[in-house]
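Participant: pasted the sequence and its predicted model underneath.
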Amino acid sequence: MAKKAQRGKFDLNEMISRMSSQNRVLFVVTVIMVALALMDRLMFGPFSSQMKYMEAENQAQMESLKRSHRIISFQDGIMEEYQKYSTYMDTGAMKQEEIVAALLKKIETLAAQQSVLITNVRPDDVEEKPNFRIYKTSIDCEGKLGNVLMFIHLLEQSDYLFQVERYSMGPKSKGSDIIKCTLDIARILITVEKPTAALETGRF
């Protein structure tokens, strides 16, 4: 009885056993290379892409932090310069009554340093100009001539930069070394917007 021809079944071991040693090595190396390529595509490829994405995201965050640091440094520089000249500015943060009260307190402090007694204070109206305001005050005071003159000098040399626009003086009484003096004092404040408000609105 003739044997029916059976369809050959693929046998990897048999195929490998028939190969020469050299072909067998080449075959194994080829299989390993194909396996590695598949692993790279299926496993390492997505992982590598994720790593690149994370690196790009970290880089973007670093650049954002650098920009934020530069902005903060810039704002700090503005505020530092502002503090140097803040005594010459009227930002609108204080009411005019508060500004006048601060000016009078400064005048009284300088007078006390020279033993000059202020007997009367007459705040005048505030003059509004396009870019500044003039705060005027008239005072009556008394003291020794040298002390009064030094008081006037301190007013004009103080960080408030008072201007003594007019003064009159005379002896308090006949033969007395105490003089009475009337001073018309002015102080100019530049009207500006406070830097923090400008920074918040993005104008810096």
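Facilitator: Here it is on my side, so go on.
Participant: please make it C-alpha for all contacts and neighbour counts, starting now.
Facilitator: Noted.
Participant: Gly170 should be in a strand, yeah?
Facilitator: Yes - counting by DSSP: H, G, I helix; E, B strand; the rest coil, Gly170 is located in a strand.
Participant: might one say that it is in contact with Lys180?
Facilitator: Yes - judged on Cα atoms under 8 Å, Gly170 makes contact with Lys180 at a distance of 5.5 Å.
Participant: and the two? Which one has more around it.
Facilitator: Taking other Cα atoms under 10 Å, Gly170 and Lys180 do not tie; Lys180 has more neighbours (21 against 13).
Participant: quick one, what contacts the more buried one?
Facilitator: Applying Cα atoms under 8 Å, 6 or more residues apart in numbering to Lys180 gives the contacts Asp140, Cys141, Glu142, Gly143, Met169, Gly170, Pro171, Lys172.
Participant: with respect to Gln113, which of the residues you listed is nearest?
Facilitator: Gln113 has its nearest neighbour among the contacts of Lys180 in Gly143, at 11.7 Å by Cα to Cα.
Participant: what strands flank the helix or strand harbouring that closest one, and is each parallel or antiparallel?
Facilitator: In this structure, Gly143 sits in strand 132-144 according to DSSP states H and E. Sheet partners assigned to strand 132-144 using DSSP bridges are listed as strand 117-123 (antiparallel), strand 127-128 (antiparallel), strand 178-191 (antiparallel).
Participant: brilliant, that's me finished.
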